[in-house]
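Asker: heads up, no residue letters with this:
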Ligand SMILES: [Zn+2]
Ligand SMILES: [Zn+2]
């Protein structure tokens, strides 16, 4: 995904597009995304400085950390990127990182690509402990049966 900076006007611009996960470098190891990613961008340009606020809507296939069932996880994510023109390409690396409050994305004044920022937002937006549902009962640690489907054999044995 490239934004043509020679065509981007000063001030506010809104862009909406659908992106294939593979086209921005998301591999199945990163996330198994079903269908395209819905991307909404709000760009605010002041000369060579561009502030981008983005929203991503996607559905990722996740495996429940309790019952190991695969389920679709809906992701609604937000990110922002501050973009500035690189002053001297020989001195500043194309992607220098600021302090802890985030990075500055450098562009060459002609095109801007924030594929990497979108990819990072998706990866960071995936749940650490995916759950098919908040109340998932998980697998029994003793017999391994899925307790969402009713009492496991240990529970049935204990109940007599
Ligand atoms: Zn589950
Ligand atoms: Zn059991």
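Answerer: Sure, I can see it. Here the structure is a predicted model, which means the values were calculated and not measured. Ligands and ions are numbered 1, 2, ... in the order given.
Asker: How about residue 15: which residues does it bridge to?
Answerer: As for beta bridges, residue 15 partners with residue 41 under DSSP bridges.
Asker: Would you mind confirming that it is in contact with residue 4?
Answerer: No - applying Cβ atoms under 8 Å as the test, residue 15 and residue 4 come out as separate, 11.1 Å apart. C-beta here means a position set from N, CA and C on the backbone, and glycine is covered the same way.
Asker: So which of the two has more stuff around it?
Answerer: In this comparison of residue 15 against residue 4, neighbours counted by other Cβ atoms under 10 Å, the higher total goes to residue 15 at 14 against 9.
Asker: Distance check, the more buried one against ligand 1.
Answerer: 37 Å (Cβ to the ion, to the nearest Å).
Asker: ok now do that residue, which residues does it touch?
Answerer: Each residue near residue 15 by Cβ atoms under 8 Å, 6 or more residues apart in numbering is listed here: 3, 39-41, 43.
Asker: ditto for residue 110
Answerer: Shown in contact with residue 110 (Cβ under 8 Å, 6+ apart): 4-6.
Asker: May I have the phi/psi pair for it?
Answerer: According to degrees, to the nearest 10, the main-chain angles of residue 110 amount to phi -110, psi -60.
Asker: swap in residue 119?
Answerer: Summarising the backbone geometry of residue 119 under the convention degrees, to the nearest 10, its torsions are phi -60, psi -50.
Asker: what does residue 120 give?
Answerer: With angles defined as degrees, to the nearest 10, residue 120 shows backbone torsions of phi -60, psi -40.
Asker: can you count the residues close to it?
Answerer: Using other Cβ under 10 Å, the number of residues around residue 120 comes to 15.
Asker: before we move on, what about residue 80?
Answerer: Neighbourhood size, residue 80 [other Cβ under 10 Å]: 12.
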